[in-house]
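Student: Starting from these lines, generate the structure:
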Amino acid sequence: MSNPLISARGLTKKFGDFTAVNGIDFDVFKGDSFGFLGPNGAGKSTAMRIIGATSQRTSGSVSILGKDPEINGPQIRAHLGVVPQQDNLDMQLSVVENLYIYGRYFGLPRKFVKNKIEELLTFAQLEEKRDTKVEALSGGMKRRLTIARALVSEPEILILDEPTTGLDPQARHILWDRLFRLKEQGVTLLITTHFMDEAEQLCDRLIVMDKGSIMAEGSPASLIKDYSTKEVLELRFGSDRNQSMADSLRSMCDRTEELPDRFLMYTDDGEALLEKIYAADFHPKTSLVRRSSLEDVFLRLTGRTLIE
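Tutor: Residues are numbered from 1 along each chain as shown. Here you go, the predicted model:
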C-alpha cells in the first residue's frame, strides 16, 4: 500500500482541562473517502482543524502530504479544499464572483480561473444561477457553491465538515451525487458527519468517535457486521410500557436497548421475533423490522444515540 496522504499517531488536543481529541491514530490514503462519525462534541471538527493546518495539536504527530502542518501550514493549505460547517460565502456577490475572487485569492491565473468557473458551475448545477447574488440562493445551492469554491484550486484533499447539516432530504441527495462524482474522479474526501446514512453512503472507511476517542474503525459494512446483528426490531408501546414488560422482552433475545421512545431488539430474523412477541401476548402500538445501521453500532459502543 502507498504512503498515506494523512497520518496521525497519538493525536491529542486539549483546551485547558478539557480533552477534545484523545490520542487518536488513523491513516487516509489517496482516493479514500474517509469519515469521522460521531455526535456533536465528539472531537471530529477539532481533528479536522488540525488536519487543515488551522489549529495546533497539543501532542502526538500528524503528517499531511508528508508535511507537518505546524511547520508547513501554508504549503499544506495550498493543496486542500475546505468546506466548513457554516457557509462563509460573500452574500452580496454573485455566484460567479464568489468563485472568481476565491480563485484569485490562491493566485491562480485569470484565464485558468475563468475556465475553471464554467466547469464548476456545471458540476454544481448552478449554470442558471451564475449571475444571481448568493443571498437569493436556497440552502442546498449555497452548499453546492461552497463545495465548488473549494474545488477552484484543484485540491488533492477535500475536507467537508458536516456537509449536509440543515439541508432538506432532496438537497442532501443532490449533494451526495456531487460528492460521488468527486470520488469517481479520484479526489480524496475527508468527511465529518453525525448522519449514519451519510456515512454509509459516502465513506469507504470511517472511524467512530465519542468524547475525543476512537471507538471503532473500518468500512461501514464491516462495522455493522462486527458490532451489530442483521436486523433490528423496533417496538413502541406508548404509555403501556412498564418495567415488567421490558424485563420480559429482554429475555427474548440476546441484546436489547431501551430508549425513551422505543425498544430495540437485535436479531437475525426480525419477523420471527415479532411473531414470538405477539404469541407472548404483547401488543406494541407500532413495530418495524429494519436492517442494522451505523447508529446501532454507535449505540452498542457508547450506550447512546448519535443525536441526542
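Student: Can you tell me the centre-most residue of this protein?
Tutor: When Cα atoms, centre = their mean is applied to the chain, the residue found nearest the centroid is residue 193 (2.4 Å).
Student: ok, now which ones touch that residue?
Tutor: Taking Cβ atoms under 8 Å, 6 or more residues apart in numbering as the definition of contact, the neighbours of residue 193 are 35-37, 162-164, 199, 202. For glycine as for every other residue, the C-beta is placed from the backbone atoms N, C-alpha and C.
Student: Local confidence estimate at the closest residue to residue 206 other than its chain neighbours?
Tutor: On the basis of Cβ to Cβ, 6 or more residues apart in numbering, the spatially nearest residue to residue 206 that is not a chain neighbour turns out to be residue 35, at 3.6 Å. Residue 35 is assigned a predicted lDDT (pLDDT) of 95.
Student: wait, residue 35 sits on residue 202?
Tutor: Yes. Between residue 35 and residue 202 a contact is recorded at 6.8 Å, counting by Cβ atoms under 8 Å.
Student: shared neighbours of the two, which are they?
Tutor: In contact with both residue 35 and residue 202: 191, 193, using Cβ under 8 Å, 6+ apart.
Student: What's the mean pLDDT across stretch 82-96?
Tutor: The average pLDDT for stretch 82-96 rounds to 91.
Student: That stretch: how far from the chain's middle?
Tutor: Centroid separation between stretch 82-96 and its chain, computed with Cα atoms, centre = their mean, to the nearest Å, is 20 Å.
Student: Now do that stretch: distance from first to last residue.
Tutor: Terminal residues of stretch 82-96 lie 18 Å apart, using Cα to Cα, to the nearest Å.
Student: what's it in contact with?
Tutor: Contacts made with stretch 82-96 from outside it, assessed by Cβ under 8 Å, 6+ apart, are listed as 45, 52, 97-98, 101, 117, 121, 126, 129-135, 137, 142-143, 145-147, 149-150, 158-163, 165.
Student: Without its sequence neighbours, what residue ends up closest to residue 295?
Tutor: If you skip the residues right next to it in sequence, residue 295 has residue 196 as its closest partner in space, 4.6 Å away by Cβ to Cβ, 6+ apart.
Student: typo on my end, it should be residue 74
Tutor: Using Cβ to Cβ, 6+ apart and skipping residues adjacent in sequence, the residue nearest residue 74 is residue 53, 7.9 Å away.
Student: so that neighbour, which of the three states?
Tutor: Per DSSP: H, G, I helix; E, B strand; the rest coil, the local secondary structure of residue 53 is coil.
Student: in the stretch 201-308 of the chain, which spans are strands?
Tutor: 205-210, 213-218, 231-236, 255-258, 263-267, 286-291 (DSSP state E, counting those that start in this stretch).
Student: tell me the mean pLDDT for the fifth one?
Tutor: Going back to what we said before, that points to strand 263-267. In this model, strand 263-267 has a mean pLDDT of 94.
Student: got it, and the last one?
Tutor: Averaged over strand 286-291, pLDDT sits at 95.
Student: Kindly report the same for the second one.
Tutor: When pLDDT is averaged over strand 213-218, the result is 95.
Student: try the fourth one
Tutor: This predicted structure assigns strand 255-258 an average pLDDT of 90.
Student: Work out the sheet partners of that strand and label each with its direction, please.
Tutor: Strands that pair with strand 255-258, judged by DSSP bridges, come out as strand 263-267 (antiparallel).
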